[in-house]
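Enquirer: I would like to see how this sequence folds:
(one chain, ligands or ions: 1)
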Amino acid sequence: MAEVAELVGVSIVRQGKELLADIDWTIDESDRWVVIGPNGAGKTTLLQVLGAQLYPSNGMVDLLGEIVGATDVFEIRPRIGMTSAALAERVPKSERVADVVVSAAYAVLGRWREDYDELDHDRARELLAQVGVAELADRTFGTLSEGERKRVMVARALMSDPELLLLDEPAAGLDVAGRETLVATLARLAEDPMAPAQVLVTHHVEEIPPGITHALLLREGRIVAHGPLRETLTDANLSETFGITLQVSESGGRWTVRAGGSSAFRRR
Ligand SMILES: Nc1ncnc2c1ncn2[C@@H]1O[C@H](COP(=O)(O)OP(=O)(O)OP(=O)(O)O)[C@@H](O)[C@H]1O
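Expert: Residues are numbered from 1 along each chain as shown. Reported below is the predicted structural model:
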């Protein structure tokens, strides 16, 4: 099985603070990971390392067979698809939805800078159909609902046919209907054997789509546990991650969690 990412002893230090500490992690091409942790745990920082947006302060990061620091990151980045709230905020509100997607082929926002051929336009429309929003292709991005925007951004992240797909809190801020629609879209992607390796960041186990294979639990920049999903997403590991006694359960590939036990509120 081919590795798409390998992190060995990775730390990120900013202003004397370790945002990530001693991260050892391997992602294979068929893996679909969820990264879970409380606010400030370092999830977005970890995703930025995987997106070749941050150089490690210590340790080694191998992305798609290239060592970050030894290879030009501009060669690595186009091979990695990413969605985040920060990226969505940078999309001009007046941009046509189909153009938001097609412009990702050249990793730019604002399509007027480049020429695109018919194949690019066809692919953008196919991807919009794949995430269930084909009918929005000619609308402007600013007129979409939050849930529609998030699905458009997933299509955009897939446009360059990435080998690694990074989804930073894709369901944040959605109502229950929007969340369920997005989770169904992400489940199709996770279950597709032809889809790229995936890493999805969330605070909420309810947002884990069926098809996710592995979990990494992060607290204060350190890995609490990581490995196959069912072995990793246990009461003990989740309780340690969030600093509160939690009971987790799974039914039909979906997860729920609630506070449990006599010392439920023992936040450190
Ligand atoms: N440039 C920086 N300098 C100093 N501290 C930083 C910097 N960037 C991030 N941090 C801190 O690093 C920690 C981890 O941030 P990060 O955004 O990775 O966490 P997160 O797990 O994604 O959090 P959330 O769930 O709240 O989005 C936070 O305490 C944040 O304040």
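Enquirer: in the sheet, which residues pair with the spatially closest residue to Ala157 that is not a sequence neighbour? Tell me.
Expert: Closest residue to Ala157 apart from its sequence neighbours, by C-beta to C-beta, 6 or more residues apart in numbering: Gly81 at 3.5 Å. (Glycine included, C-beta is placed from N, CA and C.) Beta-bridge pairing for Gly81 (DSSP bridges): Leu165.
Enquirer: contacting residues around Gly81?
Expert: Residues in contact with Gly81, defined by C-beta atoms under 8 Å, 6 or more residues apart in numbering, are 104, 156-160, 162, 164-166, 196.
Enquirer: the closest residue to Ser57 other than its chain neighbours: neighbour count?
Expert: Excluding the flanking residues, the one nearest Ser57 by C-beta to C-beta, 6+ apart is Val13, at 4.2 Å. Look at Val13: counted by other C-beta atoms under 10 Å, it has 14 neighbours.
Enquirer: does Val13 really touch Gly59, like I thought?
Expert: No - here Val13 lies out of contact with Gly59, judged by C-beta atoms under 8 Å, at a distance of 11.0 Å.
Enquirer: I'd guess the residue nearest to Ser57 is in a helix, am I close?
Expert: No - Val13 is assigned strand when assessed by DSSP: H, G, I helix; E, B strand; the rest coil, not a helix.
Enquirer: is it fair to say Leu46 lies in a helix?
Expert: Yes - using three-state DSSP, the assignment for Leu46 is a helix.
Enquirer: and stretch 12-24, anywhere near the ligand?
Expert: Yes - Stretch 12-24 is in contact with the ligand by C-beta under 6 Å from any ligand atom, via 14-15, 17, 19.
Enquirer: cool, and stretch 208-224?
Expert: No - Stretch 208-224 lies apart from the ligand when judged by C-beta under 6 Å from any ligand atom; the minimum separation is 6.8 Å.
Enquirer: please enumerate the helices of this structure.
Expert: For the chain, the helices defined by DSSP state H occupy 43-50, 73-76, 85-89, 97-102, 118-130, 146-158, 176-191, 229-232, 235-242.
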